[in-house]
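In: A structural model of the following input is requested.
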Amino acid sequence: MRLFLAPMQGVVDHPMREMLTGIGGYDRCVTEFIRVTNTRFPEKVFKRYCPELLQGGKTLAGTPVYIQLLGGDPHWLSQNAAKAARLGAHGIDLNFGCPAKIVNRNDGGSVLLKEPSRVAGIVRAVRDAVDPAVPVTAKIRLGFSDASLLSEIAGGIEAAGASELCIHARTREDGYKPPAYWQHINAVRQQLSIPVIANGEIWAPADALEAQRQSGCTDLMLGRGALACPDLARAIKQQAVGVVPELMPWSDVLEGLTDFFENADQPCPKYIGNRTKQWLSYLRRQYPGAELLFQRIKRLGTVAEILAAIDTHRSLDVEAL
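Out: This is a model prediction of the structure:
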């Protein structure tokens, strides 16, 4: 079983990848998507999205990082993919799953699922442009409004030379509303000879087992569940070898959250604390302490105020949990 950390835009950036892979359990990460239109980006753009290129293309924990590209133009996608590979990316991932309306209006993400031949053409162009030793993977949804084209889309992606396919088990119109329809992945998995990875609505080790059962996939990609439960990947791996998983206590998560705030959440005075508050909004699904801390800091906007609130939470709230 392999577990991959999903490329959540605006959330799973370099600091978050470092933190989550440091806890353990992940076999691969994927960057946030780089939006490609009609240009080949300079080296600095790839290194901004993927600072891991400066350390061999891996996180400090040794987890390989693929660079994700999004767009609808095969030429420019292939040009940027080739450059990313030359810079040391361990793989190129193509995003055909983003449901954001602004992305879809601009010929990117899941809107391309309406045209299976275009998806295949993009994969082929990128595969032809990248060194054969560098994997090219794709991430899709079940379809745009339904799953009627899923088999054609997946078959085209494989025929175009993709190494692996990740399927988020919802359509674009489903958005992120539960449930995930893992069962739709199973027929496609049986159709293809390349590995298929199931994604969507995996919040706990028990969800991982059910996703594997319904999809028939061994490999999984974790997204929002990884933010709600920072050691989810490690717990799933423990479960797979017969060890009863014990999730991290809130006190340990709090230390990681504090480090994240101090080292990664102060780039602009206007937005200080926003990333930490965003992460807490996921953590409070799993941890009552996260809800208490969120209430303490939600209206605060300076480093001193937020650090003082964290100290108060550590000394008062944590002991009461």
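
In: how does this structure divide into domains?
Out: 3-240, 250-320 (automatic domain parsing).

In: Could you tell me the least trusted of those?
Out: With a mean of 90, domain 250-320 has the lowest mean pLDDT of the domains of the chain.

In: now it, how far from the centre of its chain.
Out: Put simply, domain 250-320 sits 22 Å off its chain's centre (C-alpha atoms, centre = their mean, to the nearest Å).

In: again, but for stretch 9-25
Out: Counting by C-alpha atoms, centre = their mean, stretch 9-25 comes out at 9 Å from the chain centroid.

In: Now that stretch: buried residues?
Out: 9, 11-14, 16-21, 23, 25 (16 or more other C-beta atoms under 10 Å). Glycine gets a C-beta too; all of them are placed from N, C-alpha and C.

In: Sort out for me which of the residues you listed are in strands.
Out: Among these, none falls in strands (DSSP state E).

In: Assign the nearest residue to Pro179 once chain neighbours are set aside to helix, strand or coil.
Out: Distances taken as C-beta to C-beta, 6 or more residues apart in numbering place Glu201 nearest to Pro179, at 6.2 Å, with adjacent residues excluded. What DSSP: H, G, I helix; E, B strand; the rest coil gives for Glu201 is coil.

In: and Glu201, how far is that from Asp207?
Out: As judged by C-beta to C-beta, to the nearest Å, Glu201 and Asp207 stand 7 Å apart.

In: Find residues that contact each of those two.
Out: Residues touching both Glu201 and Asp207 by C-beta atoms under 8 Å, 6 or more residues apart in numbering: Gly225.

In: for the domains of the chain, which one ends up most surrounded?
Out: domain 3-240 (a mean of 20; mean count of other C-beta atoms under 10 Å).

In: measure it end to end?
Out: One end of domain 3-240 sits 12 Å from the other (C-alpha to C-alpha, to the nearest Å).

In: from memory Val65 sits against Gly56, does it?
Out: No. Val65 is beyond contact range of Gly56, at 9.7 Å (criterion: C-beta atoms under 8 Å).

In: quick one, helices of the stretch 151-300 of the chain?
Out: Using DSSP state H, counting those that start in this stretch, the helices of the stretch 151-300 of the chain run over residues 183-191, 205-215, 224-228, 232-240, 250-264, 274-283, 288-297.

In: Out of those, which gets nearest to Gly108?
Out: helix 224-228 (21.3 Å; C-beta to C-beta).

In: Are there helices or strands packed against the closest one, and which ones?
Out: helix 232-240, helix 274-283 (3 or more C-beta pairs under 8 Å, 6 or more residues apart in numbering; DSSP states H and E).

In: can the ones you listed go into a markdown table with extra columns for distance to Gln183?
Out: Formatted as a markdown table, these follow (distance: least, C-beta to C-beta, whole Å):
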| stretch | distance to Gln183 |
| --- | --- |
| helix 232-240 | 20 |
| helix 274-283 | 26 |
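
In: Which one of the ones you listed lies nearest to Thr31?
Out: Of all the helices and strands packed on helix 224-228, helix 274-283 comes closest under C-beta to C-beta, at 16.5 Å.

In: Dump the C-alpha coordinates for the closest one into CSV.
Out: Taking C-alpha atoms only, helix 274-283 is exported to CSV below (Å, rounded to 0.1, in the frame of the first residue of the first chain):
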residue,chain,number,x,y,z
ASN,A,274,-4.8,33.2,8.4
ARG,A,275,-3.1,29.9,7.5
THR,A,276,-3.2,28.7,11.1
LYS,A,277,-6.9,29.6,11.4
GLN,A,278,-7.5,27.7,8.2
TRP,A,279,-5.7,24.6,9.5
LEU,A,280,-7.6,24.8,12.8
SER,A,281,-10.9,24.7,10.8
TYR,A,282,-9.9,21.2,9.7
LEU,A,283,-8.4,20.1,13.0
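
In: contacts for that helix?
Out: For helix 274-283, the external contacting residues (C-beta under 8 Å, 6+ apart) are 11, 16, 224, 227-228, 230, 253, 257, 260-261, 264-265, 290, 293-294, 297-298, 306.
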